[in-house]
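Peer 1: Predicted model, plus sequence, below.
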Amino acid sequence: MAKKDAASNGFRLNRRNFLRTTGVVSLAETIAAPVEVAAQGTVATVGPGEVPVRLNVNGKQLDLMIEPRVTLLDALRMRANLTGNKRGCDRGACGACTMIVDGRPVYSCSTLAIEVQGKQIRNVDGLATADQLHPVQQAFCDKDALMCGFCTPGFIMASVALLEKNPNPSPEQIRKGLDGNICRCGTFSRIFEAVSSVKGGQRG
């Protein structure tokens with residue numbers, strides 16, 4: 001706090017005291033604000049333990065008990081046995097975990113499962129029907145657009161999202177649509193060839 005100045009019956013405020021005082025006030029506000037908001041009923045606190053989460057995945061309802069910190073990728077892989085999409089970098093950089101949420105490709109390793117409740121989620125496990133592959137999956141097989149296959153699920157989901165939004169993308173649009181995904185084996189030319197072979201055709 002500011003020091004009392006006996007000579008002037010006031011406060012002597014120097015830089016250190018000023019910063020110390022404002023720091024205490026800011027900390028008090030930070031602590032008090034959430035309590036006040038919660039008291040008003042505008043914020044529901046969940047966790048840190050497991051809470052019920054309902055997801056719509058590949059057209060099916062999925063009820064899970066998970067901690068609020070669990071990502072969409074971990075929720076599906078570890079709790080629902082939907083292991084098609086892979087964990088690559090685990091920091092939203094490589095695209096191996098790409099899923100489609102409400103028509104948009106997202107990095108599922110950086111998306112909390114609890115935040116996508118009520119949305120339509122699709123991962124690579126739900127693309128094929130019975131014994132028939134999705135046209136994009138078939139194109140990846142036909143054009144040999146994979147090597148180790150680790151990045152393939154993410155590339156396929158990003159390609160599906162691109163083609164559903166733009167059925168006839170140009171080569172530049174394909175590159176831009178897939179620029180969030182990385183193939184460490186270097187099969188980019190085959191991947192672009194596969195996506196180009198599907199454009200304008202059946203989308204599944």
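Peer 2: Arrived safely. A quick note: this is a predicted structure, and the numbers were derived from the prediction, not measured.

Peer 1: Pass me the low-pLDDT residue ranges in the chain, would you?
Peer 2: Across the chain, the ranges flagged by pLDDT under 70 are 1-43, 200-204.

Peer 1: now the helices: where do they sit in it?
Peer 2: Secondary structure of the chain, counting by DSSP state H: helices at 15-39, 72-74, 135-142, 152-165, 171-177, 188-198.

Peer 1: how about the residue nearest to the spatial centre of the chain, what does it touch?
Peer 2: For the chain, the residue nearest the mean C-alpha position is Thr111 (3.1 Å; C-alpha atoms, centre = their mean). Thr111 makes contact with Thr71, Leu72, Leu73, Val101 under the criterion C-beta atoms under 8 Å, 6 or more residues apart in numbering. From N, CA and C alone the C-beta is placed, and that goes for glycine too.

Peer 1: which residues does the first one contact?
Peer 2: The one in question is Thr71. Ser108, Cys109, Ser110, Thr111, Leu112, Ala113.

Peer 1: got it, and the second one?
Peer 2: Neighbouring residues of Leu72 by C-beta under 8 Å, 6+ apart: Leu55, Met99, Val101, Val106, Ser108, Thr111, Leu112, Ala113, Val116, Ile121.

Peer 1: Format those residues as JSON lines; extra columns: distance to Asp90.
Peer 2: JSON lines is the format used below for the contacts of Leu72 (distance: C-beta to C-beta, whole Å):
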{"residue": "Leu55", "distance to Asp90": "20"}
{"residue": "Met99", "distance to Asp90": "15"}
{"residue": "Val101", "distance to Asp90": "18"}
{"residue": "Val106", "distance to Asp90": "15"}
{"residue": "Ser108", "distance to Asp90": "11"}
{"residue": "Thr111", "distance to Asp90": "12"}
{"residue": "Leu112", "distance to Asp90": "14"}
{"residue": "Ala113", "distance to Asp90": "15"}
{"residue": "Val116", "distance to Asp90": "18"}
{"residue": "Ile121", "distance to Asp90": "19"}
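
Peer 1: That's all I had, so thanks and see you.
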